[in-house]
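J.: Build the 3D model from these lines:
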Amino acid sequence: MLAQFLLLMMVPALLAAAAVWDLTSFTIPNYLSLALAALFGVFALAAGFSATAAGLHLLAGLIALAIGFTMFALNYIGGGDAKLFAGVALWLGPHDLAAYSLIATILGGVLTLTLLAMRRLPLPAGLARQGWILKLHDSRSGIPYGVALAAGFFVILPHAEIFHLAAIG
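T.: Predicted structure coming up:
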């Protein structure tokens, strides 16, 4: 019961918070990524993961962290995005990491193209009073990629191995 609660309630809440935070401020607080990692440890115990299974999930998270920080170093994504990617990878493990990465990349591309198109249009006066919308509309601003990372998790979760493990755990 605890495993299902963590996977279906707590992780989505943390990812939704990260997406909203990124959308409105272009930052993702470190404590959200740390909470994802800490909750995974509780989940692994509650779901009865073997040391090998937990280690493989940890390896997936570390690989994602290395990839994320490489992308950060190349100025493709922000540091918060890199840490969030690693936190999600920790949960999904090696079995679903490639599929998640592909889905998040596609969603990130759609988000990027949508924002770039919207930034060419004039901002309605009613929206121009919101500071975060002004920043989001600014062509000099980046892309809140945490939105795509969170959405990618929601897309893959029903098909992910961890979802099935939580259901029987």
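
J.: got a list of what His137 touches?
T.: Each residue near His137 by Cβ atoms under 8 Å, 6 or more residues apart in numbering is listed here: Met118, Arg119, Leu123, Leu127. All C-beta atoms are positioned from the backbone trio N, CA, C, and that covers glycine.

J.: which one of those residues sits closest to Ser50?
T.: Met118 (47.3 Å; Cβ to Cβ).

J.: Identify the residue nearest the closest one in space, chain neighbours excluded?
T.: His137 (6.9 Å; Cβ to Cβ, 6 or more residues apart in numbering).

J.: Please enumerate the strands of the chain.
T.: Under the criterion DSSP state E, the chain carries no strands.

J.: which helix is the longest one in it?
T.: Scanning the chain for the longest helix, with DSSP state H as the assignment, gives helix 79-118.

J.: Quick one: find the helix or strand in the protein with the lowest mean pLDDT.
T.: helix 161-168 (a mean of 84; mean pLDDT, DSSP states H and E).

J.: which residues touch it?
T.: 3-4, 6-8, 43, 47, 49, 91-93, 95-96, 157.

J.: can you check stretch 98-114 too?
T.: 64, 85, 88-89, 92, 143-145, 147-149, 151-153, 155-156, 159-160.

J.: By neighbours, which of the contacts of His137 wins?
T.: Leu123 (16 neighbours; other Cβ atoms under 10 Å).

J.: And it, how far from Ser25?
T.: Computed with Cβ to Cβ, to the nearest Å, the distance linking Leu123 and Ser25 is 18 Å.

J.: Then Ala167?
T.: From Ala167 to Ser25 the distance is 35 Å (Cβ to Cβ).
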